[in-house]
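Peer 1: The following block contains a protein sequence and its predicted model.
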Amino acid sequence: MADYKAPLRDMRFVLNEVFEVSRLWAQLPALANVVDEDTASVILEEAGKVIAGTIAPLNRSGDEEGCSWIDGAVQTPRGFPEAYQAYAAGGWTSVGGDDRFGGMGMPKVITAQVEEMLNSANLSFGLYPMLTAGACLSINAHGSEALKATYLPNMYAGVWAGSMCLTEPHAGTDLGIIRTRAEPQADGSYKVSGTKIFITGGEHDLTENIIHLVLARLPDAPPGPKGISLFLVPKFMVDVNGALGERNSLSCGSIEHKMGIKASATCVMNFDGATGYIIDAPNKGLAAMFTMMNYERLGVGIQGLSLGERSYQNAVEYARDRIQSRAPTGPADPDKVADPIIVHPDVRRMLLTMKALNEGGRAFSSYVALQLDSAKYSEDAATRQRAQERVVLLTPVAKAFLTDMGLETTVHGQQIFGGHGFIREWGQEQLIRDCRITQIYEGTNGIQALDLLGRKVLGSGGAYYNLFADEIRQFTATASADLAEFTKPLNDAVKTLDELTAWLLDRAKSNPNEIGAASVEYLHVFGYTAYAYMWALMARTALLRQDQDVFYRTKLGTARFFFARLLPRVHSLAASVKAGSESLYLLDADQF
Ligand SMILES: Cc1cc2nc3c(=O)[nH]c(=O)nc-3n(C[C@H](O)[C@H](O)[C@H](O)COP(=O)(O)OP(=O)(O)OC[C@H]3O[C@@H](n4cnc5c(N)ncnc54)[C@H](O)[C@@H]3O)c2cc1C
């Protein structure tokens, strides 16, 4: 496998040249003195070095060795504890953390790039700090000041880790039916009892304590999602001075043996009257979780992009090196017995598909991260609200489309290696195995599609959709004539999406099955259109600078490939949407 190289040039292009993030930061008092273009550049460069040098080398050995469970204790693969401590000591677990509790306070658009690098290098490793960062977000947004002061500093410092305990054996997508209970105690704490499964980082040997956020029901809770509360349950109790005390009554019953992310411990967690503290008000647990989910779902989308990027880097090197057959137009390298496979149209198709989807995904995830930053930091209420509405609309697209494209790109990356892609030695098959979970956890991609179409688009009567579509329409209406090769097909894609949205708004009134029947294909039309917008924005910058550097000419070439070869996929997807739900119900359940 090629050594991982952080795509810093492309990250700088997206941040500084396409979105001009430093202008935005300068306008936001909360960020103006925290970050500028130079600081961001240094952070990304240093992150790239540490991640490529320390974390990437453990990817293959971590996959080979996996985690082990002995009498309730979980051992991560060799090298993981030391690497985690080095990563934490470098301050990397605190990049996005609140500076009042020892975090670096960097905006999401910066942490998104660090996450991309970390997950490209080693997704299993990246999950431990990611779950911790998610738990910190929920505590910071909804916990009491006492909980924040007690737990956040050590969590940001990477001395303690976090986990998110939602799923139960009988309750995955449908969290409204969870059974874990929390009994109030006289001192204001709770006794939490129940079994959670599939808990990432529920137990491990990387940190001295693990802070679990657990969804549970109070005795008098109403049934369904409105009766769920959120509790902070530490592995080791923490006294008033922050020192670790006795072990809480919770344990790891076993770990799962999985298809991929083998170095990430996926745990069964048993809570047996464990002491916990409520986060937010009773029965507000799911709402408190949702604060974290928009960040976490974007983070999972970025995981798909990360693996696609890693696979691409390997595939390019291989395609330049491997010689097989002659170019259709005649020998490209007559001194050798055959040409490098990069000359073949089909290999170029796969490489360009990977490149266009990865770079489109990087721009799109950065765009969504910028909306999260505006929603959090803007001083203007209307700007905050518009940004929040975009976040709400685009989060399911970012989670599902980036991970679906992540699987497509990792499979192309395997195919370019031919038979060598199928065997372990080259590492391409691990990327596919690792990528597959990104389409499943944090809400399956089918559920993300339902969320987009049912709750966000139709649920707002099309208003959220129009907010985004209007932004694209405004861009195409004001773009200069030399961008027409990009803005015209972009406009056509938006028109297709407009038509589908109006058609579904109408059809769903009389038949609720239409939403679920159309949602996955609708999300994909949405995703390709969003990427087309990103590619048009990138092409605008690249056109202006094409004489300066080959980087911009490469960008333009990739943009042209995206519009010529990938955007037309919306036509067949739109036809599937319009076919409606009838054909899905021609068979009775016993006919399958
Ligand atoms: C490796 C790994 C790590 C994980 N980490 C965590 C973690 O840290 N914390 C945690 O709490 N959980 C975690 N999970 C759990 C994960 O989030 C769930 O597996 C996921 O949300 C799906 O739930 P489920 O497996 O119960 O599937 P189900 O909910 O049973 O779904 C099965 C299928 O039915 C579909 N389906 C269900 N309901 C509907 C519907 N209404 N409409 C249409 N289709 C529907 C789904 O899309 C899916 O295809 C992890 C899982 C794995 C495998």
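Peer 2: Received the coordinates, thanks. Numbering: from 1, shown residues only.
Peer 1: For whatever residue of the stretch 201-350 of the chain ends up closest to the ligand, name its beta-bridge partners.
Peer 2: Among the residues of the stretch 201-350 of the chain, residue 266 lies nearest to the ligand; the distance is 4.4 Å by C-beta to the nearest ligand atom. C-beta here means a position set from N, CA and C on the backbone, and glycine is covered the same way. Following DSSP bridges, residue 266 is listed with bridge partners residue 200.
Peer 1: That one: what's it in contact with?
Peer 2: When the contact criterion is C-beta atoms under 8 Å, 6 or more residues apart in numbering, the partners of residue 266 are 198, 199, 200, 202, 255, 256, 258.
Peer 1: next one: residue 577
Peer 2: Taking C-beta under 8 Å, 6+ apart as the contact definition, residue 577 lies against 500, 503, 504, 518, 521, 522, 525.
Peer 1: Residue 323 versus the residue located most distally from the centre of the chain, what's the distance?
Peer 2: No residue in the chain has its C-alpha farther from the mean C-alpha position than residue 335, which lies at 45.7 Å (C-alpha atoms, centre = their mean). In this structure, residue 335 and residue 323 are 11 Å apart, going by C-beta to C-beta, to the nearest Å.
Peer 1: ditto for residue 464
Peer 2: In this structure, residue 464 lies at 52 Å from residue 323, with C-beta to C-beta as the measure.
Peer 1: neighbour count winner among these two?
Peer 2: Relative neighbour count places residue 464 above the other of residue 464 and residue 323, with 20 against 16, counting by other C-beta atoms under 10 Å.
Peer 1: Is the more buried one in a helix, a strand, or coil?
Peer 2: Using DSSP: H, G, I helix; E, B strand; the rest coil, the three-state assignment for residue 464 comes out as helix.
Peer 1: Could you count how many residues lie near residue 184?
Peer 2: Other residues near residue 184 come to 14 when the count uses other C-beta under 10 Å.
Peer 1: do residue 186 as well
Peer 2: Using other C-beta under 10 Å as the criterion, residue 186 is surrounded by 5 other residues.
Peer 1: same question, residue 32
Peer 2: With other C-beta under 10 Å as criterion, residue 32 counts 13.
Peer 1: Please, which helix or strand holds the closest residue to it other than its chain neighbours?
Peer 2: Residue nearest to residue 32 in three dimensions, not counting chain neighbours: residue 26, with 5.5 Å by C-beta to C-beta, 6 or more residues apart in numbering. Using DSSP states H and E, the element containing residue 26 is helix 21-27.
Peer 1: Which neighbouring elements make contact with that helix?
Peer 2: Other elements packing on helix 21-27 under the criterion 3 or more C-beta pairs under 8 Å, 6 or more residues apart in numbering; DSSP states H and E are helix 29-32, helix 37-50, helix 345-377.
Peer 1: which residues sit in contact with residue 140?
Peer 2: Residue 140 makes contact with 98, 101, 148, 152 under the criterion C-beta under 8 Å, 6+ apart.
Peer 1: what's the most distant pair in those residues?
Peer 2: Checked with C-beta to C-beta, those reach their widest spread between 98 and 148, with 8.2 Å between them.
Peer 1: Nearest to the ligand: which residue in this protein?
Peer 2: Going by C-beta to the nearest ligand atom, the ligand is nearest to residue 172 of the chain, at 1.7 Å.
Peer 1: Phi, psi for that residue please.
Peer 2: Dihedral angles of residue 172 (phi, psi; degrees, to the nearest 10) stand at phi -110, psi -80.
Peer 1: can you check the one 4 residues further on too?
Peer 2: Torsion angles at residue 176 (phi, psi; degrees, to the nearest 10) stand at phi -60, psi -20.
Peer 1: can I assume it is in contact with residue 222?
Peer 2: No - using C-beta atoms under 8 Å, residue 176 is not in contact with residue 222; the gap is 10.3 Å.
Peer 1: which ones are touching the residue lying closest to residue 449 once chain neighbours are set aside?
Peer 2: In space, residue 449 comes closest to residue 519 once its chain neighbours are excluded; the distance is 3.7 Å by C-beta to C-beta, 6+ apart. Taking C-beta under 8 Å, 6+ apart as the contact definition, residue 519 lies against 446, 449, 450, 452, 453, 454.
Peer 1: quick one: which of the residues you listed sit in strands?
Peer 2: Assigned to strands by DSSP state E, none of these qualify.
Peer 1: and those as JSON lines, adding distance to residue 572?
Peer 2: Listed next are those as JSON lines, based on distance: C-beta to C-beta, whole Å:
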{"residue": "446", "distance to residue 572": "19"}
{"residue": "449", "distance to residue 572": "17"}
{"residue": "450", "distance to residue 572": "21"}
{"residue": "452", "distance to residue 572": "19"}
{"residue": "453", "distance to residue 572": "18"}
{"residue": "454", "distance to residue 572": "23"}
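Peer 1: Among those residues, which one sits closest to residue 537?
Peer 2: Within the contacts of residue 519, proximity to residue 537 (C-beta to C-beta) peaks at residue 452, which comes in at 21.7 Å.
Peer 1: The nearest residue to the closest one once chain neighbours are set aside and residue 337, how far apart?
Peer 2: Counting by C-beta to C-beta, 6+ apart, the nearest residue to residue 452 once its immediate chain neighbours are dropped is residue 396, at 4.2 Å. Noted for residue 396: a distance of 50 Å to residue 337, by C-beta to C-beta.
Peer 1: How about residue 167?
Peer 2: In this structure, residue 167 lies at 55 Å from residue 337, with C-beta to C-beta as the measure.
Peer 1: Then residue 347?
Peer 2: The gap separating residue 347 from residue 337 is 18 Å, by C-beta to C-beta.
Peer 1: More neighbours: which of these two?
Peer 2: In terms of neighbours (other C-beta under 10 Å), residue 347 is the more surrounded of residue 347 and residue 337; the figures are 20 against 10.
Peer 1: Surely the more buried one touches residue 340?
Peer 2: No - using C-beta under 8 Å as the test, residue 347 is too far from residue 340 to be in contact (9.0 Å).
Peer 1: Around the ligand, pick out the residues from the stretch 151-300 of the chain.
Peer 2: Residues of the stretch 151-300 of the chain lying close to the ligand (C-beta under 6 Å from any ligand atom) are 164, 165, 166, 167, 172, 173, 198, 199, 200, 258, 266.
Peer 1: Would you mind listing what in the stretch 301-450 of the chain touches the ligand?
Peer 2: Taking C-beta under 6 Å from any ligand atom as the contact definition, the stretch 301-450 of the chain meets the ligand at 437, 440, 441, 442, 443, 444, 446, 447, 450.
Peer 1: Using JSON lines, lay out these together with neighbour count and pLDDT.
Peer 2: Below are those laid out as JSON lines (neighbours: other C-beta atoms under 10 Å; pLDDT from 0 to 100):
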{"residue": "437", "neighbour count": "21", "pLDDT": "98"}
{"residue": "440", "neighbour count": "14", "pLDDT": "98"}
{"residue": "441", "neighbour count": "18", "pLDDT": "97"}
{"residue": "442", "neighbour count": "25", "pLDDT": "95"}
{"residue": "443", "neighbour count": "20", "pLDDT": "95"}
{"residue": "444", "neighbour count": "15", "pLDDT": "98"}
{"residue": "446", "neighbour count": "16", "pLDDT": "98"}
{"residue": "447", "neighbour count": "17", "pLDDT": "98"}
{"residue": "450", "neighbour count": "20", "pLDDT": "98"}
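Peer 1: which among these gets closest to residue 277?
Peer 2: Relative to residue 277, and with distances defined as C-beta to C-beta, the nearest of these is residue 442, at 24.7 Å.
Peer 1: Next, the contact list for that closest one, please.
Peer 2: Listed by C-beta under 8 Å, 6+ apart, the contact partners of residue 442 are 293, 296, 297, 300, 399.
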